[in-house]
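Novice: Just a sequence and a predicted model for now, questions to come.
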Amino acid sequence: MILMKDIIREGHPTLTRVADKVAMPISEEDKQIAFSLFQYVINSQDDELAQKYKLRPGVGIAAPQINVSKRMFAMHVHDVDGKLYSMIVVNPKITQRSEEIVFLNGGEGCLSVDRPTEGITPRHLSIKFEAFVYDVESNSFKLKRGSLSGYPATVFQHEYDHLDGIMFTSKLYVEIPNARPLFEEFEEDLIAE
């Protein structure tokens, strides 16, 4: 079980290194690492477990964040309509990005960043990807092509950046011309604070 002590923090060299491709078919060791990433995001969203083990809640975590420089991550996130996007992703490639740029109103967070940050990070509103994704029915990783939009696309891009050694803190801007907040309905509340 991954705990907060297992997550490396900003400044660690693994977080700024391009991760290695995972050999396929996936080894049992790599499969266990991938499952542990997935278990962390599930556990961190369970109030009782998060409190018991002092886990910071997260919607995604990448292998480099536990000092394993391999191209895999897990995400478990709901979109604004409540649809769940829950997957373990290995050797992903973003094959297409929308031109429309969005950002999270209050900025992004990261399990590897313990300090408050100021600024917003540009993300593509929607993406298309290709990756080996864990399939429960066959208990194997299958090559999948898919698309994501909105918040799930933002989470995917954040985790994907970790695989390329990019921290969101290196992409912080006061404003981004021609970009819009991802959750526009909250914009007025944020301005009023």
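Specialist: Ah, there it is.
Novice: quick one: secondary structure of the residue positioned nearest the centre of the chain?
Specialist: Nearest residue to the geometric centre of the chain (Cα atoms, centre = their mean): Glu159, 3.2 Å. For Glu159, the secondary-structure state derived from DSSP: H, G, I helix; E, B strand; the rest coil is helix.
Novice: Give me the neighbour count for the residue nearest to it when sequence neighbours are not counted.
Specialist: For Glu159, the nearest residue in space outside its immediate sequence neighbours is Phe73; the separation is 4.0 Å by Cβ to Cβ, 6 or more residues apart in numbering. Every C-beta, even on glycine, is put in place using the N, C-alpha and C of the backbone. Burial of Phe73 is recorded as 29 neighbouring residues (other Cβ atoms under 10 Å).
Novice: Dihedrals phi and psi, Phe73?
Specialist: As for Phe73, its main-chain torsions (degrees, to the nearest 10) stand at phi -150, psi 170.
Novice: which residues in this protein form strands?
Specialist: 60-62, 72-78, 84-97, 101-103, 123-124, 126-135, 140-149, 180-181 (DSSP state E).
Novice: Paired strands for the second one, with orientation please.
Specialist: In the sheet containing strand 72-78, the strands it pairs with under DSSP bridges are strand 60-62 (antiparallel), strand 84-97 (antiparallel).
Novice: buried sites along it?
Specialist: Judged by neighbour count using 16 or more other Cβ atoms under 10 Å, the buried positions of strand 72-78 are 72-77.
Novice: circling back to that earlier point, doesn't Ile61 make contact with the residue nearest to Glu159?
Specialist: Yes. At 6.5 Å, Phe73 counts as touching Ile61 under the criterion of Cβ atoms under 8 Å.
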